[in-house]
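Undergrad: Predicted model follows, preceded by the sequence.
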Number of protein chains: 2
Amino acid sequence: MTTSHHHPLDAALALASTAAGQYTGHTSPAYWNMVGPFGGATAATLLQAVMQHPERLGEPLSLTVNYAGALAEGPFTLQATPVRTNRSTQHWTLSILQPGADGAPVVTTTATAVTAARRETWSAADTPMPAVPAPAQCAPIPPAFPVEWLRRYEMRPVSGTLPKAWDGSGDSSLSQLWMRDAPVRPLDFCALAAMADIFFPRVWLRRARQVPAGTVSITVYFHAGSALLAETGTGYLLGQARAQEFRNGFFDQSAQLWNEAGHLLATSHQIVYYKE
Amino acid sequence: MTTSHHHPLDAALALASTAAGQYTGHTSPAYWNMVGPFGGATAATLLQAVMQHPERLGEPLSLTVNYAGALAEGPFTLQATPVRTNRSTQHWTLSILQPGADGAPVVTTTATAVTAARRETWSAADTPMPAVPAPAQCAPIPPAFPVEWLRRYEMRPVSGTLPKAWDGSGDSSLSQLWMRDAPVRPLDFCALAAMADIFFPRVWLRRARQVPAGTVSITVYFHAGSALLAETGTGYLLGQARAQEFRNGFFDQSAQLWNEAGHLLATSHQIVYYKE
């Protein structure tokens, strides 16, 4: 299946390599959030550098992205280094830099990744997809906020949508929704990494109060290989997210992403800043 | 409360600083696993470098450790760099190196960490501690294997102990146990990081089959601040771990750690290699 080079995600992920592991890119207006790019797009961009690296071994297994500071609109440089290659795993360190106020490069994002050559083994799916209505039975919703990146996803909520009133009445942090790229695009590792960060901050739902919040660090574990991603194609993913603990300015948020056939493609965790 | 400098964990975490962010240490026989140190001890050592760094801001919020290769018995060097300091968060990159076969340094471990200056905010505990018998009602077990690090923890299983027979009869990956350092030691961030990795590989339980397995990457989110750790003192922690997906050589494992009063101190996730 050929990926269209006109898809906005492919445009956002376009990286030029200036030397081994050195890339230049540009923030994408199509995935702009309030004060910087959608964090999922930044995660996907880091993974894209790994995917394009000529020394890459195997497929993505884990990705941790630390959002040290908001990316400014404009160009950035990205460094991706395979610091250790074993027989079946390869360990990567990554960073994104932009010129600071004085022109010197400032780190906006750090990351580590592991790629792996997978083998067929005994396997077991121990987190069944919840029983939910099919995508066609769940109405798509328009973007809840006037930010551009929300228009890059078709979202069909099942449960746990944004509160209708910010009245402090929340009592649960669980959301489930069907999602896919808009326009549709065959699923790959980068798109999956981005979708692992699609969930709005759990604190908004749990409190029914829209306090300032932002992801500090996210980790994505990839359970799917490229064959399963290809099978998934342009189908919907069911995403589920919930928090475990809100404590003194930070909460954690766990997520699962299944394809329509019920295969768990990725699990994800993040720690999120919130105010008040 | 004074931490004894004779405690084996303090000895294992002893680092000498040779320059800003440059440390030397030595693997600890007291925390030795089968072919290298207990991964939790390595995670604690990386965090110790952050704790000792003169530029550290705030307390640990997240820690991701990637086990690129087994540490050999002997000395190592550790680099800890605060790559970006914001008003309330600080982002760290870390690595451990040992001489390779040709004498040149080889990366054995990479890590990132975030420390944060926390403020009191609205908070909510959304993962209640499961109802389990008190520590005194759960019998301590001797080390299940003749490895030294298991003797550094008092473990009182509640459920999900190692299978009595490796007969392929497993059907669940859930374990719960009370635990604390042995000998007892007042809880701090490093000890908590180590205990987040105490759980044996879920694949052994789920399959009732003891296949080779090893952690590739672990992330720990700290929900407790130092005041709550001080309150916890030398009390027991209840740890709970379970897997979500076993797929083609890798599975993920999620964990929660509460103190006896039921406060969630940390949540953790790891991706683990397994064979066959």
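TA: That came in fine, so what should we check first? These figures come from a predicted structure and were not determined experimentally.

Undergrad: what's the next secondary structure element after the longest helix seen in chain A?
TA: Using DSSP state H, we find that the single longest helix of chain A is helix A:39-52. For helix A:39-52, the following helix or strand on the C-terminal side (DSSP states H and E) is strand A:59-67.

Undergrad: any weak-confidence spans in the stretch 151-276 of chain A?
TA: Filtered on pLDDT under 70, the stretch 151-276 of chain A yields no residues whatsoever.

Undergrad: one step back: now do the buried residues in the longest helix of chain A.
TA: A:39-51 (16 or more other CB atoms under 10 Å in any protein chain shown). Heads up, the C-betas are built off the backbone N, CA and C, glycines and all.

Undergrad: With stretch A:120-135 instead?
TA: A:121-122, A:126-127, A:129, A:132, A:135.

Undergrad: for stretch A:184-203, how far is the first residue from the last?
TA: The first residue of stretch A:184-203 is 30 Å away from its last residue (CA to CA, to the nearest Å).

Undergrad: which parts of it are buried?
TA: A:185-203.

Undergrad: same deal with stretch A:89-101?
TA: Using 16+ other CB under 10 Å as the test for burial, stretch A:89-101 gives A:89-98.

Undergrad: Check stretch A:229-247 too.
TA: Buried, per 16+ other CB under 10 Å, within stretch A:229-247: A:229, A:232, A:236-247.

Undergrad: In helices only, show me the residues you listed.
TA: A:229, A:232.

Undergrad: show me which of the buried residues of helix A:39-52 neighbour chain B.
TA: For chain B, no contacts are drawn from those by CB under 8 Å from any CB of the partner chain.

Undergrad: contacting residues for the residue of chain A most remote from its centre?
TA: Largest separation from the mean C-alpha position in chain A: residue A:102, at 31.1 Å (CA atoms, centre = their mean). For residue A:102, no residue meets the contact criterion (CB atoms under 8 Å, 6 or more residues apart in numbering or on different chains).

Undergrad: Please, which helix or strand holds it?
TA: Applying DSSP H and E, one finds residue A:102 in no helix or strand.

Undergrad: Please apply the same query to residue A:155.
TA: Here residue A:155 is assigned to strand A:153-159, by DSSP H and E.

Undergrad: what's that strand packed up against?
TA: Under the contact criterion of 3 or more CB pairs under 8 Å, 6 or more residues apart in numbering or on different chains; DSSP states H and E, strand A:153-159 touches strand A:175-181.

Undergrad: right, is the strand it packs on up against chain B?
TA: No: applying CB under 8 Å from any CB, one finds strand A:175-181 separated from chain B by no less than 13.5 Å.

Undergrad: who's in contact with residue A:261?
TA: A:231-232, A:235.

Undergrad: any idea what sits nearest residue A:127, other than its immediate chain neighbours?
TA: Once flanking residues are discounted, residue A:127 sits nearest to residue B:244: 4.3 Å by CB to CB, 6 or more residues apart in numbering or on different chains.

Undergrad: Now for the one you found: which residues touch it?
TA: With contacts defined as CB under 8 Å, 6+ apart, residue B:244 is in contact with A:126-127, A:256, A:264, A:267, B:251-252, B:254.

Undergrad: Please determine how far it is located from residue B:66.
TA: Residue B:244 is 20 Å from residue B:66, where distance means CB to CB, to the nearest Å.

Undergrad: repeat for residue A:50
TA: On the measure of CB to CB, residue A:50 and residue B:66 end up 13 Å apart.

Undergrad: How about residue A:98?
TA: When residue A:98 is compared with residue B:66 (using CB to CB), they lie 25 Å apart.

Undergrad: so is the residue nearest to residue A:15 when sequence neighbours are not counted in a helix, a strand, or just coil?
TA: Leaving aside its sequence neighbours, residue A:15 sits nearest to residue A:23 (CB to CB, 6+ apart; 4.1 Å). Following DSSP: H, G, I helix; E, B strand; the rest coil, residue A:23 is assigned to strand.

Undergrad: What residues are bridge-paired with residue A:23?
TA: On the basis of DSSP bridges, residue A:23 takes part in beta bridges with residue A:17, residue A:78.

Undergrad: residue boundaries of the helices in the stretch 1-150 of chain A?
TA: A:8-12, A:39-52 (DSSP state H, counting those that start in this stretch).

Undergrad: Nearest to the middle of chain A, which residue? Look it up for me.
TA: residue A:194 (2.6 Å).

Undergrad: ok so, going back, among the buried residues of helix A:39-52, give me the pair with the biggest separation.
TA: A:39 and A:51 (18.5 Å; CB to CB).

Undergrad: Check the contacts of residue B:244 and tell me the two furthest apart.
TA: Largest separation among the contacts of residue B:244 by CB to CB: A:256 and B:251, giving 13.9 Å.

Undergrad: higher neighbour count, the two?
TA: Using other CB atoms under 10 Å in any protein chain shown as the criterion, residue A:256 and residue B:251 rank with residue B:251 on top: 27 against 23.

Undergrad: rewinding a little: of the contacts of residue A:261, which is the nearest to residue A:148?
TA: For the contacts of residue A:261, the residue nearest residue A:148 by CB to CB is residue A:235; the value is 24.5 Å.

Undergrad: shouldn't the closest one be in contact with residue A:260?
TA: Yes: judged on CB atoms under 8 Å, residue A:235 makes contact with residue A:260 at a distance of 4.7 Å.

Undergrad: For the stretch 101-250 of chain A, which residues are neighbours of chain B?
TA: Counting by CB under 8 Å from any CB, the residues of the stretch 101-250 of chain A close to chain B are A:106-108, A:110-112, A:114, A:116, A:118-127, A:173, A:206-207, A:216-217, A:219, A:221, A:223-225, A:242-250.

Undergrad: Point out the ones among those residues that are inside strands.
TA: Among those, DSSP state E puts A:106-108, A:110-112, A:114, A:116, A:124-125, A:216-217, A:219, A:221, A:242-247, A:250 in strands.

Undergrad: where in the stretch 1-150 of chain A is pLDDT low?
TA: Using pLDDT under 70, the flagged stretches of the stretch 1-150 of chain A are A:1-5.

Undergrad: now the closest residue to residue A:144 other than its chain neighbours: how far from residue A:47?
TA: Closest residue to residue A:144 apart from its sequence neighbours, by CB to CB, 6+ apart: residue A:162 at 5.2 Å. Residue A:162 sits 28 Å away from residue A:47 when distances are taken as CB to CB.

Undergrad: Ok, residue A:209 next?
TA: As for residue A:209, its distance to residue A:47 is 33 Å (criterion: CB to CB).

Undergrad: again with residue A:121
TA: For residue A:121, the distance to residue A:47 - CB to CB - is 24 Å.

Undergrad: again, but for residue A:108
TA: Residue A:108 sits 16 Å away from residue A:47, taking CB to CB as the criterion.

Undergrad: same thing with residue A:221?
TA: Residue A:221 is 13 Å from residue A:47, by CB to CB.

Undergrad: Quick check: end-to-end length of stretch A:126-144?
TA: Across stretch A:126-144, the terminal residues are separated by 33 Å (CA to CA).

Undergrad: now that stretch: how far from the chain's centre is it?
TA: Distance, stretch centre to chain centre, for stretch A:126-144: 18 Å (CA atoms, centre = their mean, to the nearest Å).

Undergrad: gap between the two ends of stretch A:204-216?
TA: Span of stretch A:204-216 from end to end, CA to CA: 16 Å.

Undergrad: swap that for stretch A:100-107, sorry
TA: End-to-end distance (CA to CA), stretch A:100-107: 9 Å.

Undergrad: Could you report the distance from residue A:10 to residue A:233?
TA: 16 Å.

Undergrad: that older thread, wasn't the residue nearest to the centre of chain A part of a helix?
TA: Yes: according to three-state DSSP, residue A:194 belongs to a helix.
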